[in-house]
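>>> Provide a 3D model corresponding to the input given below.
(one chain, ligands or ions: 2)
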Amino acid sequence: AACSSKYVLSQMHPMWQEPLPIPGGDRQSPIDIVVRKSVYDSELKPLVTDYDPQTCQQIWNNGYSFLVEYDDTTDKSTVKGGPLQDKYRLCQFHFHWGESNAWGSEHTVDRKLFSAELHLVHWNSDKYSLFEEAVMEENGLAVIGVFLKVGKRHEGLQKLVDALPAIRHKNSVVDFNRFDPACLLPSNTDDYWTYHGSLTTPPLTESVTWMVMKQHIEVSHDQLAVFRSLLFTSADEEVQKGMVNNFRVQQSQCGRTVRSSFS
Ligand SMILES: COc1ccc(/C(C)=C/C(=O)O)cc1
Ligand SMILES: [Zn+2]
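Residues are numbered from 1 along each chain as shown. Ligands and ions are numbered 1, 2, ... in the order given. Predicted coordinates for the structure are as follows:
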C-alpha cells in the first residue's frame, strides 16, 4: 500500500506532521538493504571524490541535525564515478543518531542498526545551476551514506565535535573552515550499495542516487555523546529537547533493486 499511495504512511517521526504529499511516493528513503537481494553490477565504477577543505564554510544546527556547509558555487568539492553519469557538487554533510548506541542509523543492512549515519549531500552541477533546482529532479542529488559504529576515537571527527557546544541550539551557526570531509570516509569506498531514493527529511523529494558504503567508520562513545548534547530547540523555547533519534522510519522498497559494486 505504501508504494502506491500519494501520501507517506506511518511517519512515526515526531519531527513533522503527516501525511505529507510526496510526488509518487514509491522511491522513499531510508530502506533496509537486504544483502542477499542486492544485485552485483560489474559496470559500477569506484567512487571518485575530490574535496577541497578550503570550501568548508560553516557549521550550524538546523533543528533536525547539524550541518557542515560547503561553498558550492564552483566544482571544487565533487563526487563522480560510481553509478553517477555526471559530476555532483558537495553542498553539506550531516548525521543521524540515536539516544543510545544501539540504534541511530537511517539505513540498515539485513536489519542491522548502526549507532549513527553520515550523509554527504551533493547536487548535479553538470545539469543544474543551483541546489534548489537539483533537489526537485530525478537525477539531481547524490548522497554518500557512511555508517558509524562506536569504538575507537575518530581523530578527524574531533575538530567537528569540538565545535558543537557553540551550536547547541536550533539556528545557531559558527564559522568552520578547512575541514576535509574525506577524513570521514572509510578506507574502502569501492564497496557500496546504490539505489534510487529520496531525501529523508522534508521536502523528501525523490531525487537522490544513494551510495551507502559497506565499510563503516568508528567513533568513540564520548564523541557520539557530544552529538547528543545538541538540542532540537532554539534558545528562546521554554522546554528544551535533546537532539537524539533524528532518523526517519524505514520506507517500503516498492520493488526497487539495490545494486552492489562488489560481489
Ligand atoms: C530545500 O530545503 C531542503 C531541506 C533539506 C534538504 C536535505 C539535504 C534533506 C536530507 O538530507 O534528507 C534539502 C533541501
Ligand atoms: Zn540525512
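
>>> So the residue of the stretch 101-250 of the chain found nearest ligand 1: helix, strand or coil?
Relative to ligand 1, the nearest point of the stretch 101-250 of the chain is Leu199 (3.3 Å; C-beta to the nearest ligand atom). (Glycine included, C-beta is placed from N, CA and C.) Look at Leu199: counting by DSSP: H, G, I helix; E, B strand; the rest coil, its state is coil.

>>> Could I get the pLDDT score of the closest residue to it other than its chain neighbours?
Spatially, and ignoring its direct neighbours in sequence, Leu199 is nearest to Thr205 (5.7 Å; C-beta to C-beta, 6 or more residues apart in numbering). Among the per-residue scores, Thr205 shows a pLDDT of 95.

>>> Can you name the residues that contact Thr205?
23, 135-136, 140, 198-199 (C-beta atoms under 8 Å, 6 or more residues apart in numbering).

>>> Give me the buried subset of those residues.
Neighbour-count burial (16 or more other C-beta atoms under 10 Å) applied to those gives 135, 140, 198-199.

>>> for those residues, which one is nearest Cys254?
Ser198 (11.2 Å; C-beta to C-beta).

>>> Against Cys183, how distant is that closest one?
Shown here: Ser198 relative to Cys183, a distance of 28 Å by C-beta to C-beta, to the nearest Å.

>>> what's the answer for Glu206, then?
31 Å.

>>> Between the two, which has more neighbouring residues?
Remark: of Glu206 and Cys183, Glu206 carries more neighbours, 22 against 15, as counted by other C-beta atoms under 10 Å.

>>> Below-threshold pLDDT in the stretch 151-263 of the chain: ranges please.
Scanning the stretch 151-263 of the chain for pLDDT under 70 picks out no residues.

>>> Let me see the ranges of the strands in it.
For the stretch 151-263 of the chain, strands defined by DSSP state E, counting those that start in this stretch occupy the ranges 173-175, 192-197, 208-213, 217-219, 259-260.

>>> got JSON lines for those, with mean neighbour count and distance to ligand 1 too?
Listed next are the strands of the stretch 151-263 of the chain as JSON lines, based on neighbours: other C-beta atoms under 10 Å; distance: least, C-beta to the nearest ligand atom, whole Å:
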{"stretch": "strand 173-175", "mean neighbour count": "13", "distance to ligand 1": "16"}
{"stretch": "strand 192-197", "mean neighbour count": "22", "distance to ligand 1": "10"}
{"stretch": "strand 208-213", "mean neighbour count": "24", "distance to ligand 1": "8"}
{"stretch": "strand 217-219", "mean neighbour count": "21", "distance to ligand 1": "19"}
{"stretch": "strand 259-260", "mean neighbour count": "17", "distance to ligand 1": "21"}
